[in-house]
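A predicted structure for the sequence below; I have some questions about it.
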Protein chains: 4
Amino acid sequence: MTNKTMKPKIGIIGATGYTGTVLTRLLSFHDKVEISYLSSEQHAGKYFYDIYPAFYSQINIKCSNFDVSKIINSCDLIFFATPNGFAKESVPKLISKKSTLKIIDLSSDFRLEEKIAYGLPEINRELIKGSNIIANPGCYPTSVILGLVPALKNKIINPNTIIIDSKSGISGAGKQLKQELHFCEVNESFSAYNLAGKHRHIPEIENEISKICGSRINVVFSPHLLPINRGILSTIYVKLTDKNIKEDEIIQMYSDHYKNEPFVKVLPKGIYANTKNVRYTNLCHLTVLKDERTEMLIIVSTIDNMVKGASGQAIQNMNLTLSLSESFGLDTLGHIP
Amino acid sequence: MTNKTMKPKIGIIGATGYTGTVLTRLLSFHDKVEISYLSSEQHAGKYFYDIYPAFYSQINIKCSNFDVSKIINSCDLIFFATPNGFAKESVPKLISKKSTLKIIDLSSDFRLEEKIAYGLPEINRELIKGSNIIANPGCYPTSVILGLVPALKNKIINPNTIIIDSKSGISGAGKQLKQELHFCEVNESFSAYNLAGKHRHIPEIENEISKICGSRINVVFSPHLLPINRGILSTIYVKLTDKNIKEDEIIQMYSDHYKNEPFVKVLPKGIYANTKNVRYTNLCHLTVLKDERTEMLIIVSTIDNMVKGASGQAIQNMNLTLSLSESFGLDTLGHIP
Amino acid sequence: MTNKTMKPKIGIIGATGYTGTVLTRLLSFHDKVEISYLSSEQHAGKYFYDIYPAFYSQINIKCSNFDVSKIINSCDLIFFATPNGFAKESVPKLISKKSTLKIIDLSSDFRLEEKIAYGLPEINRELIKGSNIIANPGCYPTSVILGLVPALKNKIINPNTIIIDSKSGISGAGKQLKQELHFCEVNESFSAYNLAGKHRHIPEIENEISKICGSRINVVFSPHLLPINRGILSTIYVKLTDKNIKEDEIIQMYSDHYKNEPFVKVLPKGIYANTKNVRYTNLCHLTVLKDERTEMLIIVSTIDNMVKGASGQAIQNMNLTLSLSESFGLDTLGHIP
Amino acid sequence: MTNKTMKPKIGIIGATGYTGTVLTRLLSFHDKVEISYLSSEQHAGKYFYDIYPAFYSQINIKCSNFDVSKIINSCDLIFFATPNGFAKESVPKLISKKSTLKIIDLSSDFRLEEKIAYGLPEINRELIKGSNIIANPGCYPTSVILGLVPALKNKIINPNTIIIDSKSGISGAGKQLKQELHFCEVNESFSAYNLAGKHRHIPEIENEISKICGSRINVVFSPHLLPINRGILSTIYVKLTDKNIKEDEIIQMYSDHYKNEPFVKVLPKGIYANTKNVRYTNLCHLTVLKDERTEMLIIVSTIDNMVKGASGQAIQNMNLTLSLSESFGLDTLGHIP
């Protein structure tokens, strides 16, 4: 059928890691594009379901090695779901041979580059639409920036007092084998890591916040590991500049800011954001509170780190750059219980 | 739009229990029908998202009390997702006022009634299509019967030697408050319950098996509680009648039997059924093995107890009785990781 | 044997709740005292192992109703492990009949009373030794105060800038039946609750901090619920007053402060406090860091909420008031893996 | 003090694996022996708490390489907590240099050797007491054999009909890095593995059962993986030879058989064995039922795979071979909740 051959053809580089797998699943349901290429260094030659039996009888594609010629010939758009460094090295080779190739990179390789679109549609939609290369945001930064933007743009907070206490499910650490990711180590445990300015997502957070503020901002950022598979919840603390502003006004300000966004929901007063309620969806749930006693704004922001924090947001960016409906193929209602 | 008004209107009685909630979610994605009525004794008057914030900004329906007139006027088909006893009492009242009303009961009220269609499509498809009342099977029986049917029909086992060791996630015990379902009690625990002939699903299993065998069969059935939300895995042991039959032949026999079924998958040799691979889907995964040393057939059958074991199967039955495509609105690929 | 009859006799009021159960277990191993009385309104008349089969063949004591005469006659010291309000009402009745009765209350009834010893041995040891009534601290406050004391006493922080982000395992919410404590709701979820000054532990935290500072202090305190049984981890942020102080100096200051404490351990640089490493013990693990970029002190403090956060600390207080070795009967090495 | 120097000196080969770690913890509490040597190929030169921060300030011992001379000079008894194969190779070297050295091997190297004592005290106590080399049983076999012995010795079952459905926590798979042990893979999953005669524990189970029966017995054995850290629960099915025997008689028979055993408890009717109730203890809990409809005996046997299933039982064997009290240093009451 001609229609089918007209669909944009999509490749995933690094398809068998966790973000690659979620991309593969989402694209397999996406009726406006077609998966044409999956690469996996570790599992080249195997069927996708050999690695993940959940895909048995659902997707019958074999994984290839990374192969520039194949990509050039078979793909209109590719996702990099690869370790940091790989995209940076590969993109020039690909672009030089096929300048129309669209690229969405889920690693951190291009996130701090000035000329590359930072793929957070809620702050960068028009730029993304016109870009061939898109740097898909990190999971923590997505939760944090979406939580801060309305307050920053409305100038109700002092951006030099931002403290971010983030908690992430284990899939955020990836699929690689490390002792600290063994089930027996993670299960029934909770801890912080990379505190006091050491996490690699800090420059990305500060870069975007500084752009909005027009001045260089430093934040305190503390990541923690939750014994769950999916979800990030960031609790953000920041001093209000106007101590008389009411909580209801702030909630309204946030609701107004996001009223046309398909994926960001400001929860009604009294409902607390919970990782479970956005799990498997591309949503961001926000709870906004004022601590009257200390004149602090507290924002709780939660996303599924694998979806809005990675692969779902990448699909959202793909939709934008391919001029498809932005929310096509993306879920907004997870699984309860 | 006229099209929209033509869609069958669906009511869910008991919408805020766990099976009701999964039904509500699945129907909200089902483009060929329309939710017209949700009842909840406990939460009448509240929005569905007041009870489950995951539904906030997704479904804007209020829960009603159970109301015969409203149901008669607003529904073409209703699901009972209610405690045992409620459907049995209510169905005659409803039928007497609206004989065309279609009813799918997820409780155990009608499962042993001879004149009511037992809603396991893989053994009863034609009967279901022509029925107005359908008794949706129990979760354990679904996993067990699907695992045994090919062996029973091909007469390769002695049906008087069936031993079923089943393990279920906690959602199977429902949403009600019981000490033994408190997080701290369940977490990091595993135990058996209702052993030695005491579980209420035994008559249902034996009833269907006996029909296939043409004689009265007793089984050993041992349920256990797994500290996970979703999933049943049944390990079934039964003596082979022909000790020379090869494992490969049996796997082929199973594959042939289910080759046209959209939701039952016989896994290739070496892949073990895992609750996680069918989670959130309407699938049943089967692993079939022969223990050469003891001449036993071992069948591992896994489903999501809330989907193929309850609400997904109910949608499958709805599709059949409404002459829609049987698999419409039902997932076959879950979420990894 | 006369020796045995000389042992102080101990009663637990509310023995079958979670803190009561942990008390019962710890006392059953404590060779210097003797359990003489267990009360449980809900389970009066039953053996303790009828409620908790883990105690089968280990403790053969029946639960009684709360009975003033029995307590007077059979106990030298009692623990209240009861809902808030019960101790406040009962203590006067008991004291009036037996002025020598020693009382350790694990509820919040006496924690804010000026004349009652606040039972945190690390700041109040001498007072506790001489007291007949001891208010055992809350779980969150224990983790927070132990984390802040060295910095407060050494005046290296601005106490008006304290932000506490705490995460607690589910046992902290007690054993009662609530929908939000059902396994299926908690499992694989994470959320905040009672933010922005609403948690009942805030007055207790502020009371103790204010006493140390000599002025009224307000803190930001944000509790969250972790899907684990045991453990609290508090991440505390506070502005340093001397921006030139080095991280190593602060760690040394903390180590010096706690060098004689049997239960508080300041971890070496690079080791992060983890709930799992203090689970089932009476320990508090502290990680202390300086965020150079923002001049903030970050303290991570973790305890087992049921042990150092409740029943273990109560035993520590009992040891002090009975002039026993302070650490008798208390574990300092949990279970790995 | 001379007393201290008189304590037997104990070495652990492979101290940083999971069984080695549990051994190290148990020995650190054992007042009648002294840890003199810990070896770890992977972590030689590091303090034990560098690998497990839970041991910080509790045990200050450095790990060595495996070193025959050091062992000879510093140990009276050693445990092998090493991968299969290592003990078999090392024991002759050690014995040839120090014939009095006592050895308890936790691997499977000697379990099928006729001349080596199989270290299940409940069936082999006297032999263990007189042995210098003891083969510590596997975790699954311990749960299975303890569950079957009374029925086998009393000849109330047909041993040729034994079906064992076992479920094990993840620590049973050890600490090594494997994709299938990654937290995200195990969490919320349940599956079988090595079915139909493939598990390496089958010869060990059959060997001991056959010795009791006096004839060669084959069993069906099906292991499954539970998403918990600790615990094995085996559900065992076997045909009764006397269909008229009553359940109460069988329970009494089991209770009588184990009435003097410190670690095996036959639970009262109506209480189901639960992994949680034996967690962290050296206990085995047994629930015994008769299925009247099928004349089957059903036995549920649960242990902590790391304690009675490995390191605790090894300490029990050490106590026997060193003529100490058998239950010294072993817990019988775990942690609730």
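That came through fine.

ok now the helix or strand A:Asp50 falls within, how far from the chain's centre?
Following DSSP states H and E, the helix or strand that holds A:Asp50 is helix A:48-51. Remark: helix A:48-51 is offset 25 Å from the chain centroid, using Cα atoms, centre = their mean, to the nearest Å.

now for it, which elements pack on it?
For helix A:48-51, there is no helix or strand it packs on, judged by 3 or more Cβ pairs under 8 Å, 6 or more residues apart in numbering or on different chains; DSSP states H and E. Using the backbone N, CA and C atoms, a C-beta is placed for each residue, glycine as well.

which residues of the stretch 1-150 of chain A fall in strands?
A:9-13, A:34-39, A:77-80, A:102-105, A:117-118, A:133-135 (DSSP state E, counting those that start in this stretch).

Now tabulate these in JSON lines and tack on mean neighbour count and distance to chain C.
JSON lines is the format used below for the strands of the stretch 1-150 of chain A (neighbours: other Cβ atoms under 10 Å in any protein chain shown; distance: least, Cβ to the nearest Cβ, whole Å):
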{"stretch": "strand A:9-13", "mean neighbour count": "25", "distance to chain C": "26"}
{"stretch": "strand A:34-39", "mean neighbour count": "21", "distance to chain C": "28"}
{"stretch": "strand A:77-80", "mean neighbour count": "26", "distance to chain C": "27"}
{"stretch": "strand A:102-105", "mean neighbour count": "25", "distance to chain C": "27"}
{"stretch": "strand A:117-118", "mean neighbour count": "24", "distance to chain C": "22"}
{"stretch": "strand A:133-135", "mean neighbour count": "25", "distance to chain C": "24"}
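
Which one, of those strands, ends up nearest to chain B?
Smallest distance to chain B across these (Cβ to the nearest Cβ): 13.1 Å, for strand A:34-39.

Could you check the angle the closest one makes with strand A:9-13?
20 degrees (axes from the mean of the first three to the mean of the last three Cα atoms, to 10 degrees).

Pull strand A:34-39 out as PDB, backbone CA atoms only.
These are the backbone C-alpha positions of strand A:34-39, laid out as PDB (Å, rounded to 0.1, in the frame of the first residue of the first chain):
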ATOM      1  CA  GLU A  34       7.500   2.800  10.800                       C
ATOM      2  CA  ILE A  35      10.500   1.100  12.600                       C
ATOM      3  CA  SER A  36      13.000   0.300  10.000                       C
ATOM      4  CA  TYR A  37      16.200  -0.300  11.900                       C
ATOM      5  CA  LEU A  38      17.200  -1.400  15.400                       C
ATOM      6  CA  SER A  39      20.800  -1.600  16.400                       C
END
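
now that strand: mean pLDDT?
The pLDDT scores in strand A:34-39 average 97.

returning to what we had before: and the contacts of the helix holding A:Asp50?
For helix A:48-51, the external contacting residues (Cβ atoms under 8 Å, 6 or more residues apart in numbering or on different chains) are A:15-16, A:24, A:38, A:40, A:43, A:55-63.

Now with 6 Å, please.
A:16, A:43, A:55-56, A:59, A:61 (Cβ atoms under 6 Å, 6 or more residues apart in numbering or on different chains).

Helix or strand with the lowest mean pLDDT in chain A?
When each helix and strand of chain A is scored by mean pLDDT, DSSP states H and E, helix A:2-6 comes last, with a mean of 58.

Help me confirm that A:Phe190 comes into contact with C:Thr275.
Yes - using Cβ atoms under 6 Å, A:Phe190 is in contact with C:Thr275, at 4.6 Å.

anything in contact with each of the two?
Common contacts of A:Phe190 and C:Thr275 (Cβ under 6 Å, 6+ apart): C:Leu233.

Do you know the pLDDT at the residue nearest to A:Leu94 when sequence neighbours are not counted?
Nearest in space to A:Leu94, with sequence neighbours left out and distances taken as Cβ to Cβ, 6 or more residues apart in numbering or on different chains, is A:Leu101 at 5.7 Å. For A:Leu101, the pLDDT comes out at 98.

What separation is there between A:Leu101 and chain B?
Here A:Leu101 is placed at a distance of 28 Å from chain B (Cβ to the nearest Cβ, to the nearest Å).

Near that residue, how many other residues are there?
18 (other Cβ atoms under 10 Å in any protein chain shown).

Tell me what A:Ile35 is bridged to.
A:Ile10 (DSSP bridges).

before we move on, the earlier item: quick one: the strands of the stretch 1-150 of chain A as TSV, columns for distance to D:Gly169 too.
Converted to TSV, these look like this (distance: least, Cβ to Cβ, whole Å):
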stretch	distance to D:Gly169
strand A:9-13	35
strand A:34-39	35
strand A:77-80	37
strand A:102-105	40
strand A:117-118	44
strand A:133-135	42
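
Share the number of residues neighbouring A:Asp31, please.
Neighbours of A:Asp31 (other Cβ under 10 Å): 8.

Same question for A:Phe29.
12.

out of everything not next to it in sequence, what's closest to it?
A:Gly329 (5.9 Å).

Would you quantify the distance from that neighbour to D:Ile236?
The spacing between A:Gly329 and D:Ile236, counted by Cβ to Cβ, to the nearest Å, is 49 Å.

These two: which is more packed in?
Set side by side, A:Gly329 and D:Ile236 show more neighbours around D:Ile236, with 25 against 20, by other Cβ under 10 Å.

ok so, going back, check what pLDDT the residue nearest to A:Phe29 gets.
97.

That one reaches A:Ser28, doesn't it?
No - under the criterion of Cβ under 6 Å, A:Gly329 makes no contact with A:Ser28, lying 9.7 Å away.

thinking again about what came up before, so which of the strands of the stretch 1-150 of chain A is nearest D:Lys178?
Among the strands of the stretch 1-150 of chain A, the nearest to D:Lys178 by Cβ to Cβ is strand A:34-39 (23.7 Å).

Which neighbouring elements make contact with that closest one?
Judged by 3 or more Cβ pairs under 6 Å, 6 or more residues apart in numbering or on different chains; DSSP states H and E, strand A:34-39 is in contact with strand A:9-13.

for the record, mean pLDDT for the strand it packs on?
Computed over strand A:9-13, the mean pLDDT rounds to 98.

got it, and stretch A:88-98?
97.

Which positions in that stretch come out as buried?
A:88, A:90-91, A:94 (16 or more other Cβ atoms under 10 Å in any protein chain shown).

Would you mind checking which of those is nearest to chain D?
A:Ser90 (25.4 Å).

Please identify which of the strands of the stretch 1-150 of chain A is closest to B:Leu152.
strand A:34-39 (39.7 Å).

residue in the stretch 51-200 of chain A nearest to chain B?
Closest point on the stretch 51-200 of chain A to chain B, by Cβ to the nearest Cβ, is A:Ala54, at 3.9 Å.

so what's that residue up against?
By Cβ under 6 Å, 6+ apart, the neighbours of A:Ala54 are B:277, B:334, B:336.

On the three-state scheme, the nearest residue to it once chain neighbours are set aside is what?
Spatially, and ignoring its direct neighbours in sequence, A:Ala54 is nearest to B:Asn277 (3.9 Å; Cβ to Cβ, 6+ apart). Secondary structure assignment for B:Asn277 (DSSP: H, G, I helix; E, B strand; the rest coil): helix.

do A:Tyr254 as well
On the three-state scheme (three-state DSSP), A:Tyr254 is labelled helix.

Quick check: bridge partners of A:Lys290?
Going by DSSP bridges, A:Lys290 is paired in beta bridges with A:Leu297.

Wait, it touches A:Glu247, no?
Yes - counting by Cβ under 6 Å, A:Lys290 touches A:Glu247, with 4.0 Å between them.

Tell me the spacing between A:Thr19 and chain D.
Look at A:Thr19 and chain D: by Cβ to the nearest Cβ, they are 12 Å apart.

any idea how far that residue lies from chain C?
For A:Thr19, the distance to chain C equals 19 Å [Cβ to the nearest Cβ].

which residues touch that residue?
Contacts for A:Thr19 (Cβ under 6 Å, 6+ apart) come out as A:81, A:106, A:310-311.

which regions of the stretch 51-200 of chain A sit below the pLDDT cut-off?
By pLDDT under 70, the stretch 51-200 of chain A has no low-scoring segment.
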